[in-house]
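[1] just a sequence and a predicted model for now, questions to come.
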2 protein chains.
Amino acid sequence: MSYQLYYWPSIQGRGEFVRLAFEAVGVAYTDVARAGTAGGQGLPALLRFLSDTDHGLGRAPFAPPFLKHGSVVVGQTAAILLYLGPRLGLVGKSEASRLWAHQLQLTMADAVTEAHDTHHPVASSLYYEDQKSEALRRAHDFRQTRLPKFMHWFEKVLERNPAGAARGGPYLVGGRLSYADLSLFQLVDGLQYAFPVAMKRVLKHAPRVAALHDRVAQRARIASYLGSERRIAFNEDGIFRRYPELDG
Amino acid sequence: MSYQLYYWPSIQGRGEFVRLAFEAVGVAYTDVARAGTAGGQGLPALLRFLSDTDHGLGRAPFAPPFLKHGSVVVGQTAAILLYLGPRLGLVGKSEASRLWAHQLQLTMADAVTEAHDTHHPVASSLYYEDQKSEALRRAHDFRQTRLPKFMHWFEKVLERNPAGAARGGPYLVGGRLSYADLSLFQLVDGLQYAFPVAMKRVLKHAPRVAALHDRVAQRARIASYLGSERRIAFNEDGIFRRYPELDG
């Protein structure tokens, strides 16, 4: 059974957390909305899933990203990774390990939403320019309060888990790579793009987080992916946007 | 092993989704921060978990609510319910059922965050009064765009799953009660408290959602709980706040 990822074709967004899991282990997947419409894929295939018309799918997701794997359809980024983790060998076998990786992922999901809302504090349906004054205030609080709080927590998680230092770690969960590490890489990478000034300041107090980001980026498959055309560049349509007036 | 729920003692908040799961099945739990400090509980016990000091807990959660069950500590509301669902008999046995219930819960978590941000669009650390103009704009978009979208989706989920109508359903997942139904009750209940005018309008187009809310409220154990002192009243410190200027 092949893995089919449905996500917006022109941004990293939340889909990137799923792409990274596939890329890290070298498992083939179809990025459906980026594939050709000739084969019945492309953006129309994604939109069809979200439409109200009966497409024989009793469990249509609320929003992208979602994953189709055989007859299974899973929406919500963290739930997709919960499903994929054991199948891709990106999480340990114990329930405790899986719950902890999932909890880390959910906390990153919260951080992602808050990062998004720095430029869209009023409504996703409005342009940034139409909510800029609100964005300035929200981004200030994010940089001063929330960003340090999130990074501090991940730093403590790493500090309390020295296992795996001899095998490319430390990692967030146990002594080996999990999807949570890949996701923290992506979160930090996005935040560094959007808030280069603030992140430089904050990561001084989270050296383990910074080091984990760099180690993940240097993994052979990840480095290859990041240098490929499959990695969409950060841009100002995505979650992490570089608006200099929101940084500082 | 007893269940210990750690959550703020004076609001329903996100902890209420967990309380409802316990209450619906009549399983005993300790609401730690609401218990007496004499027994080493109360709010200090919650704060101790969140402190940076070494409390022998390698996996301290980012924020309440979190659940302690033996040596397991789980944070993030949806992850707590993922853990509790099978143990309380509040989700089916198949992986597909569990993923679907979890996906529904995560979508409700998104709705909860957006409901919260109607009154705190700039910063949770600031008073509502200090972000009222931003709140007016965000609440307008929430009422007009997001609230109908969420309710419409849950309505479609129920419409596509007529199973269980003869056994007190339909339910969100399969033919029997799951924690997702309890959570949708709570989401609707909170939204009705915060946005009585908007919800009356929106639920006209989501009759199955409205009916599910009412059926859950009438279940014997839930009705008993809602009438007890264990159910904290909605108030303007919680997630769902009744500020008439944000409704309409």
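    Alright, I've got the coordinates.
[2] does any bit of stretch A:17-30 sit next to chain B?
    No - using CB under 8 Å from any CB of the partner chain, stretch A:17-30 never reaches chain B; the gap is at least 13.7 Å. No exception for glycine: its C-beta is placed from N, CA and C like everyone else's.
[3] ok, which stretches of chain A are helices?
    For chain A, helices defined by DSSP state H occupy the ranges A:15-25, A:43-50, A:77-88, A:95-119, A:132-141, A:147-159, A:179-194, A:196-203, A:207-218, A:220-226.
[4] lowest average confidence across those helices, which one?
    Sorting those by mean pLDDT places helix A:43-50 lowest, at a mean of 87.
[5] identify the residues contacting that helix?
    A:6-9, A:32-33, A:37, A:55, A:57, A:60-61, A:63-64, A:66, A:73 (CB atoms under 8 Å, 6 or more residues apart in numbering or on different chains).
[6] ok, now stretch A:138-155?
    A:104, A:107, A:111, A:114-115, A:117-119, A:121, A:172, A:184, A:191, A:195, A:198-199, A:202-203, A:205-209, A:246-248, B:62, B:121-123, B:125-126.
[7] next, the buried residues of that stretch.
    A:138-143, A:146-148, A:150-155 (16 or more other CB atoms under 10 Å in any protein chain shown).
[8] quick one: distance of it to the chain centre.
    Distance of stretch A:138-155 from its chain centroid, counting by CA atoms, centre = their mean, to the nearest Å, is 17 Å.
[9] distance between the ends of that stretch?
    Criterion CA to CA, to the nearest Å; first-to-last residue distance in stretch A:138-155 is 24 Å.
[10] filter the contacts of stretch A:138-155 down to the buried ones, ChimeraX style.
    Applying 16+ other CB under 10 Å to the contacts of stretch A:138-155, the buried members can be selected in ChimeraX as follows:
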select /A:104,107,111,114,115,117,118,119,121,172,184,191,195,198,199,202,203,206,208,209,246,247 /B:62,121,122,123
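[11] nearest to B:V18, out of the helices of chain A?
    Taking CB to CB, helix A:95-119 is the member of those nearest to B:V18, at 14.2 Å.
[12] follow-up on the earlier one: near chain B, which of the contacts of helix A:43-50 show up?
    Counting by CB under 8 Å from any CB, the members of the contacts of helix A:43-50 near chain B are A:60-61.
[13] okay, now A:A211: neighbour count?
    If you count neighbours by other CB atoms under 10 Å in any protein chain shown, A:A211 ends up with 13.
[14] no, scratch that, I was asking about A:R201
    Using other CB under 10 Å: A:R201 sits among 14 other residues.
[15] contacting residues for it?
    With CB under 8 Å, 6+ apart, A:R201 has no contacts at all.
[16] give me the distance between it and A:M151.
    10 Å (CB to CB, to the nearest Å).
[17] swap in A:L20?
    19 Å.
[18] same check on A:E245?
    Distance of A:E245 to A:M151, computed by CB to CB: 22 Å.
[19] then A:D31?
    30 Å.
[20] A:G164 too?
    Applying CB to CB to A:G164 and A:M151 gives a distance of 21 Å.
[21] next one: A:P244
    21 Å.
[22] same deal with A:I239?
    Counting by CB to CB, the gap from A:I239 to A:M151 is 17 Å.
[23] re the thing from before, quick check: ChimeraX command selecting the buried ones in the contacts of helix A:43-50.
    Selection command for ChimeraX covering only the buried members of the contacts of helix A:43-50, criterion 16+ other CB under 10 Å:
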select /A:6,7,8,32,33,60,61,63,64,66,73
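[24] so for the contacts of helix A:43-50, which is the shakiest by pLDDT?
    Lowest pLDDT among the contacts of helix A:43-50: A:H55, with 57.
[25] residues touching A:L177, list them.
    A:24, A:90, A:168-169, A:171, A:219.
[26] mind running it again at 10 Å?
    Neighbour list for A:L177: A:24-25, A:89-91, A:164, A:167-169, A:171, A:215-216, A:219 [criterion: CB atoms under 10 Å, 6 or more residues apart in numbering or on different chains].
[27] could you do A:P207 as well?
    Here A:P207 is in contact with A:155, A:158-159 (CB under 10 Å, 6+ apart).
[28] tally of neighbours for the residue nearest to A:I11 when sequence neighbours are not counted?
    Closest residue to A:I11 apart from its sequence neighbours, by CB to CB, 6 or more residues apart in numbering or on different chains: A:G238 at 3.9 Å. Neighbours of A:G238 under the rule other CB under 10 Å: 20.
[29] who wins for proximity to B:K132 among the helices of chain A?
    helix A:132-141 (11.8 Å).
[30] so how far is the closest one off the chain centroid?
    With CA atoms, centre = their mean, you get 23 Å for helix A:132-141.
[31] okay, the angle between that helix and helix A:179-194?
    When axes from the mean of the first three to the mean of the last three CA atoms, to 10 degrees is applied, the directions of helix A:132-141 and helix A:179-194 differ by 120 degrees.
[32] kindly reformat the helices of chain A as CSV containing distance to B:I232.
    Formatted as CSV, the helices of chain A follow (distance: least, CB to CB, whole Å):
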stretch, distance to B:I232
helix A:15-25, 35
helix A:43-50, 37
helix A:77-88, 28
helix A:95-119, 23
helix A:132-141, 27
helix A:147-159, 26
helix A:179-194, 33
helix A:196-203, 36
helix A:207-218, 36
helix A:220-226, 46
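[33] right, and these - which one's nearest B:E229?
    Nearest to B:E229, of all these, is helix A:95-119, at 31.1 Å by CB to CB.
[34] export stretch A:9-24 as CSV, just CAs?
    What follows is stretch A:9-24, C-alpha atoms only, in CSV (Å, rounded to 0.1, in the frame of the first residue of the first chain):
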residue,chain,number,x,y,z
PRO,A,9,1.2,22.3,-3.0
SER,A,10,3.0,25.6,-2.6
ILE,A,11,3.9,25.8,1.1
GLN,A,12,5.7,23.7,3.7
GLY,A,13,3.0,24.4,6.2
ARG,A,14,1.8,21.6,8.5
GLY,A,15,2.3,19.0,5.7
GLU,A,16,6.1,19.5,6.0
PHE,A,17,6.1,17.6,9.4
VAL,A,18,4.7,14.6,7.5
ARG,A,19,7.0,15.0,4.5
LEU,A,20,10.1,15.0,6.8
ALA,A,21,9.0,11.7,8.4
PHE,A,22,8.9,10.0,4.9
GLU,A,23,12.1,11.7,3.8
ALA,A,24,14.1,10.8,7.0
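[35] got the buried residues for it?
    Of the residues in stretch A:9-24, those buried (16+ other CB under 10 Å) are A:11-24.
[36] next: stretch A:223-233.
    Under 16+ other CB under 10 Å, the buried positions of stretch A:223-233 are A:225-226, A:231-232.
[37] Throw these into JSON lines and include distance to A:T77, thanks.
    Listed next are the buried residues of stretch A:223-233 as JSON lines, based on distance: CB to CB, whole Å:
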{"residue": "A:Y225", "distance to A:T77": "18"}
{"residue": "A:L226", "distance to A:T77": "19"}
{"residue": "A:R231", "distance to A:T77": "17"}
{"residue": "A:I232", "distance to A:T77": "16"}
